[in-house]
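[1] prediction below, plus the sequence it came from.
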Amino acid sequence: MTAETKKITLNVPRVTFIEESHQYFIGKKELKGVTGTLIKKAFPDTYNNIPESVLMKAAERGGLIHNTFETFCSIFDADLKQYPNPTEELLAFHSMLVAYDLHYVASEYLVTDGENFASAIDGVFSDSEGNIYLVDYKTTATLHYDNVSLQLSIYAKWFEEQNPDLKVKEIVCMWFKNGQSKFQPLPRVAGWQIDDLINAYLADDAEYQYKVEIPEQFSALEQEYRLVSARMDALKIKQDDLKEQMMKMMEANKQKSIKTNIGSYSYVAASTKKTFDTKLFKDTEPDHYEHYLKETTTKPSIRIKLN
């Protein structure tokens, strides 16, 4: 963790996790995990046609990758120079941490509703401003966006209830498959939908159907676009600031141009310029305006306005 990174302290829930049997307890009461209950209730057919042996092998590989990431962050402080023989997945994982300015907070952090369910979040991270990112690592052949979105949304709800001073900024799936990797931000499911799902599960409501109104691929793309847009805005502010500093330096040193191994820089003094007032021309000379109009064909596009 760098000196600039805000220190994050998480509250510890009163849940005991027995790793060997994968059981959760509050006192003597056993709690249920999330994926085999609530996620299965919402998406009962996700793994229906996949042989048990394939699922077991995928779970084993996923477990190894989880352990590698946890060791890398908690023992080696996410420093590649210290880690011997990093795997392909670890190199991709490290690249994601660097690209999105993420700093390790916790691994396998337990969250619970305090009554019926508990689960562990694969990774909790923060950026330099102290914003929280909850991360789930996936190594499945197919990334089921809606499943992971719901899973992490449940975790985020309970995380914020356990840590009322903290707000989850992003829920993210880090997906690793056959040498490929993806940092996939996901939309949060509304709290009332999560409550409805929990109530339906506890009541064993056979008529209940979990509804996804927006196609999962579109939701995933939307979240990725939003995150990229935010990063671009931040980078544009930084770029403008750097240009301003370089301009003032050239101005102070009375330098008209500078050439380096990276690029060329020319000082452009303040000036006035004339532009054509298209609106005024259209209003005062409508016939002439129509005469000079040129028709062109455009490609299809999408207008996006982020909230």
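    Thanks, I have the structure now.
[2] strands of the stretch 51-200 of the chain, start to end?
    With DSSP state E, counting those that start in this stretch as the criterion, the stretch 51-200 of the chain has strands at 103-112, 118-126, 132-138, 168-177, 180-186.
[3] D283: which of these is closest?
    strand 180-186 (46.3 Å; C-beta to C-beta). Every residue, glycine included, has its C-beta placed from N, CA and C.
[4] now do the helices in the stretch 151-300 of the chain.
    191-202, 216-252, 278-284, 286-292 (DSSP state H, counting those that start in this stretch).
[5] where among those is the average confidence lowest?
    Note on those: helix 216-252 shows the lowest mean pLDDT, a mean of 84.
[6] mind listing what's buried in that helix?
    By 16 or more other C-beta atoms under 10 Å, the buried positions in helix 216-252 come out as E216, S219, A220, E222, Q223, R226, L227, M250.
[7] equivalent analysis for stretch 86-96, please.
    Neighbour-count burial for stretch 86-96, counted by 16+ other C-beta under 10 Å, picks out E89, L90, A92, F93, H94, M96.
[8] now do stretch 22-41
    Y24, I26, L31, K32, G33, V34, T37, L38, I39, K41.
[9] related to what we said a few turns ago, okay if I get the helices of the stretch 151-300 of the chain as CSV plus distance to F125?
    Shown next, in CSV, are the helices of the stretch 151-300 of the chain (distance: least, C-beta to C-beta, whole Å):
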stretch, distance to F125
helix 191-202, 22
helix 216-252, 14
helix 278-284, 49
helix 286-292, 56
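[10] and N85, which of those is closest to it?
    Closest to N85 of the helices of the stretch 151-300 of the chain is helix 216-252 (C-beta to C-beta; 31.4 Å).
[11] re the thing from before, out of the helices of the stretch 151-300 of the chain, the one nearest T142 is which?
    Among the helices of the stretch 151-300 of the chain, helix 216-252 comes nearest to T142, with 11.2 Å by C-beta to C-beta.
[12] which strands or helices does the closest one pack on?
    Where contact means 3 or more C-beta pairs under 8 Å, 6 or more residues apart in numbering; DSSP states H and E, helix 216-252 is packed against helix 145-162, strand 180-186.
[13] got the angle for that helix vs strand 168-177?
    110 degrees (axes from the mean of the first three to the mean of the last three C-alpha atoms, to 10 degrees).
[14] off-centre distance for helix 216-252?
    Remark: helix 216-252 is offset 17 Å from the chain centroid, using C-alpha atoms, centre = their mean, to the nearest Å.
[15] kindly report the same for stretch 139-148.
    Worked out by C-alpha atoms, centre = their mean, stretch 139-148 lies 14 Å from the chain centre.
[16] can you list the buried residues in that stretch?
    Buried-residue list, stretch 139-148, by 16+ other C-beta under 10 Å: T139, T140, L143, H144, Y145, D146, N147, V148.
[17] which of those sit farthest apart?
    Maximum pairwise distance among these (C-beta to C-beta): 18.2 Å, between T139 and D146.
[18] in stretch 261-274, what's buried?
    Buried residues in stretch 261-274 (16+ other C-beta under 10 Å): Y265.
[19] please consider this matter closed, and thank you.
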